[in-house]
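Visitor: here's my sequence, what's the structure:
(2 chains)
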Number of protein chains: 2
Amino acid sequence: MKNKIQSVKGTRDFYPEQMLLRNWLYGNMRTAAQLFGYQEYDGPFIETLELYAAKSGEELVKEQSFVFNDRGGDQVTLRPELTPSLARMIAARPAQLPRPIRWWSFGPFWRYERPQKGRSREFFQWNVDLLGVDSPAADAELAAVAATFFRLIGFSATEIKLQFNNRRLMDDELAALGLSENKKAVFRLIDRRDKMPAEAWDRYAGEAGVRPEQLDRLKTLLANGQLWEKSAECQAFVAAAQALGIGDYLEYDPTVIRGLDYYTGTVLEARDREGEFRAILGGGRYDNLVGEVGGERLPGVGFAMGDVVIGLVAQKYGKTPPLSPSPAQVLVTQFDAATGAEALRLAAELRAAGLRAEWYPEPAKLDRQLKYANATGVRFAALAGPDELAQGEVTLRDLAARTQERLPRAEVAARVRARLGM
Amino acid sequence: MKNKIQSVKGTRDFYPEQMLLRNWLYGNMRTAAQLFGYQEYDGPFIETLELYAAKSGEELVKEQSFVFNDRGGDQVTLRPELTPSLARMIAARPAQLPRPIRWWSFGPFWRYERPQKGRSREFFQWNVDLLGVDSPAADAELAAVAATFFRLIGFSATEIKLQFNNRRLMDDELAALGLSENKKAVFRLIDRRDKMPAEAWDRYAGEAGVRPEQLDRLKTLLANGQLWEKSAECQAFVAAAQALGIGDYLEYDPTVIRGLDYYTGTVLEARDREGEFRAILGGGRYDNLVGEVGGERLPGVGFAMGDVVIGLVAQKYGKTPPLSPSPAQVLVTQFDAATGAEALRLAAELRAAGLRAEWYPEPAKLDRQLKYANATGVRFAALAGPDELAQGEVTLRDLAARTQERLPRAEVAARVRARLGM
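Guide: Numbering: from 1, shown residues only, chains lettered A, B, ... in the order given. Reported below is the predicted structural model:
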């Protein structure tokens, strides 16, 4: 026997059980986005490096992107995030897209990071963006889409929180501390406030150009849970979120700043209230991303949510639904080779009646066929041996109720539908 | 203004209109696969080159794969096809998977080919496989899944044909011609029979080691539409396809051989009957692919269908459905800034009642707001100005019927649901 070939580190296999979980997330993301009128779209999975160089932030581009030369010698990148593709697509159709633009997407992304809990190198991400309007109420709508998704999968505001902050507010506050000149470095520093040990963070602050007397004032700032009240934008954001009925999910946190360079106003994160996991989502307002890739100036707000962390949180909180791997409702068993063609015909009849009917592909012992139905979660078995066939009948076994009855062949589909409440 | 950044050659942008088309295909693929009890799964998008080196065929691996070194120095490949990942996943779980294994998938693949009509470097592909059983009836089930998909999207057997052949049959026939030793080369030659000019094909035959006296006999063989009747396997395949009710889609073609090395029995292709387009799908039986990647010997049969050719064929034959980009059913308009919060509340109420409600994010002129609803295909507009709000009412405009009525606010959702037949 040959050696088993391994998968690539940081990638995941989606066996049917994992695929059901991914589709459960995807389906609820779709429902949440569509409730607010968002249209599904998708960008390519490979893009030029140039697209990300403009705005994504140095760490993402220089350290975490999968970059390679294709066979024609062009340098391309496996997309590490979607917003630059969104901006490029909108810039390419300046006149044809009615405003506002409400778009959402769910697909694969790649980042070369150390694989660990809550992080893989190949992951799925939900992206939701609203472009063409610059208002705190638009920002609040994005928070409401996220909160609606959490509600749909069973998370109340006592389990998950949406943290917000505002970069313009932080700009003003940092200016007051004399930290405007090294703002980018200080934002990165703030982004790591909860991700590093206290001493290491203090050292990192020094490296970021924060002098000791500024450090104490910065720490006071980052502990001020009432800071948002100084910002008219934040106040309007909170009022709109309350009008949208999701105020209970909100929590102000001055350390929320997000790592991407292109945010300019409101920034958002979601976390489990117990604080066990990484951020579930991140997002915020960006004012000129479309312009940066060659289009007109067009403000926008959006968020992205990976599938890995929310999957872990949902599992920990017991929110994932019971999952049955087979979509089939009926297993058509096979008695012997001579009646094989009739089993195929019966299965085709059930499908024509709208049922999902699986056919057992060998005349194995009936026990083995029924064991298969149990293992894959198929509820009904249809048995048609020579005796049944001669009389135009079928034995229908309900594997959940552990009952069986013999029916005219033409009535089987209707009986299954009735039992399933279809 | 900066220069517009371009997308990578051979990739596609899925604006909402294209995304609706992709989802229309994906949704019908799901329905067809689930009708037969197939479970959805997915593999990683990057795999080791080693995985494909075993069996995919030289051209695919050496000329068409995107291969690169990741930041850790490992050589990886953007998946050019799914079957090797399927085999690897099954080999990794030898005991846990109930047999037979019926799996399907829909996702992105990459091949470095010259972009042209019906071909892009990044494309989507539907994969359907049945493993653990070796019988012509199992092969026929795969043909039935494909035919069911064609029916679901509106293609009759007069528009699309499923062509079949059998490699074991062709092995025997080539042996009778004395062409067994260079079988791989001759299979490649047969695969190009309809893809090259006649003279070029004759020259290619010489290069493949076919002597002139063999060439005439080979041409006679490849023109023999009754050849399948010599094969008991082909006869059983046709009988099972007829029992499954899809016999009218079948057509025997001795030149159908498929390019992948791993096929051993039945091979399948689908084409439009007018012959304008490339093959819509390709597939066949493989007997030892799981063994080749380190698992037990496990026979299987499957097919793959790209999204590009079927999309072109569906468009040409007028099968694509009318597509409305916005999922919203109601647009909640905004009268002025003072009533903005009430508009947000009204939208939230409609969503709580299960409607997809979009909110116009600015107090623009009503004309502009209604123009937006028309442009994106939203049927109803809900107007709540100060006058309506004071009386607890809403003006509901039906943009399709060009009527409007004033209703108590609490009754709006029920009225929209009734009008939409929900």
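Visitor: mind listing what's buried in stretch A:229-239?
Guide: Across stretch A:229-239, burial judged by 16 or more other C-beta atoms under 10 Å in any protein chain shown covers A:S231, A:E233, A:C234, A:A236, A:F237, A:V238, A:A239. C-betas here are computed from N, CA, C, even on glycine.
Visitor: is it up against chain B anywhere?
Guide: Yes. Using C-beta under 8 Å from any C-beta of the partner chain, we find that stretch A:229-239 touches chain B at A:A239.
Visitor: tabulate the CA atom coordinates of that stretch in CSV.
Guide: Extracted in CSV, the C-alpha atoms of stretch A:229-239 (Å, rounded to 0.1, in the frame of the first residue of the first chain):
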residue,chain,number,x,y,z
GLU,A,229,-20.1,60.3,24.4
LYS,A,230,-17.7,63.0,23.3
SER,A,231,-18.3,62.0,19.6
ALA,A,232,-21.5,63.2,17.9
GLU,A,233,-20.9,60.4,15.3
CYS,A,234,-20.8,57.8,18.0
GLN,A,235,-24.0,59.2,19.6
ALA,A,236,-25.8,59.0,16.3
PHE,A,237,-24.5,55.5,15.7
VAL,A,238,-25.8,54.3,19.0
ALA,A,239,-29.2,56.0,18.5
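Visitor: now do that stretch, average pLDDT.
Guide: For stretch A:229-239, the mean per-residue pLDDT is 98.
Visitor: isn't A:E276 right up against A:K316?
Guide: Yes. A:E276 lies in contact with A:K316 (C-beta atoms under 8 Å); the separation is 7.3 Å.
Visitor: what sits against the closest residue to A:D194 other than its chain neighbours?
Guide: Distances taken as C-beta to C-beta, 6 or more residues apart in numbering or on different chains place A:T255 nearest to A:D194, at 6.0 Å, with adjacent residues excluded. In this structure, A:T255 makes contact with A:N165, A:I190, A:R193, A:D194, A:L222, judged by C-beta atoms under 8 Å, 6 or more residues apart in numbering or on different chains.
Visitor: quick one: low-confidence residue ranges for chain A.
Guide: Chain A contains residues with pLDDT under 70 at A:1-2, A:54-59.
Visitor: could you pull out the strands for the stretch 251-400 of chain A?
Guide: Ranges of strands in the stretch 251-400 of chain A, per DSSP state E, counting those that start in this stretch, are A:266-272, A:281-286, A:300-306, A:330-332, A:357-359, A:380-383, A:393-398.
Visitor: could the ones you listed go into TSV alongside mean neighbour count and distance to chain B?
Guide: Conversion of those to TSV gives the following (neighbours: other C-beta atoms under 10 Å in any protein chain shown; distance: least, C-beta to the nearest C-beta, whole Å):
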stretch	mean neighbour count	distance to chain B
strand A:266-272	24	14
strand A:281-286	25	13
strand A:300-306	24	10
strand A:330-332	27	8
strand A:357-359	28	3
strand A:380-383	24	12
strand A:393-398	19	16
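Visitor: can you list these in CSV and add distance to A:I160?
Guide: Output for the strands of the stretch 251-400 of chain A, formatted as CSV (distance: least, C-beta to C-beta, whole Å):
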stretch, distance to A:I160
strand A:266-272, 6
strand A:281-286, 10
strand A:300-306, 11
strand A:330-332, 40
strand A:357-359, 38
strand A:380-383, 39
strand A:393-398, 40
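Visitor: and of these, who's closest to B:L289?
Guide: Among those, strand A:357-359 comes nearest to B:L289, with 22.5 Å by C-beta to C-beta.
Visitor: pairing partners for that closest one, with directions?
Guide: strand A:330-332 (parallel) (DSSP bridges).
Visitor: which strands or helices does the longest helix along chain A pack on?
Guide: Longest helix in chain A by number of residues, with DSSP state H as the criterion: helix A:16-35. Packed against helix A:16-35 by the contact rule (3 or more C-beta pairs under 8 Å, 6 or more residues apart in numbering or on different chains; DSSP states H and E) you find strand A:101-110, strand A:122-131, helix A:136-152, helix A:307-316, strand B:39-40.
Visitor: flag every buried residue along the fourth one.
Guide: Read that as helix A:307-316. Quick answer for helix A:307-316 (16+ other C-beta under 10 Å): A:D307, A:V308, A:V309, A:I310, A:G311, A:L312, A:V313, A:A314.
Visitor: contacting residues around that helix?
Guide: For helix A:307-316, contacts defined as C-beta under 8 Å, 6+ apart pick out A:21-22, A:25, A:117-120, A:123-126, A:153, A:155, A:160, A:272, A:276-281, A:320.
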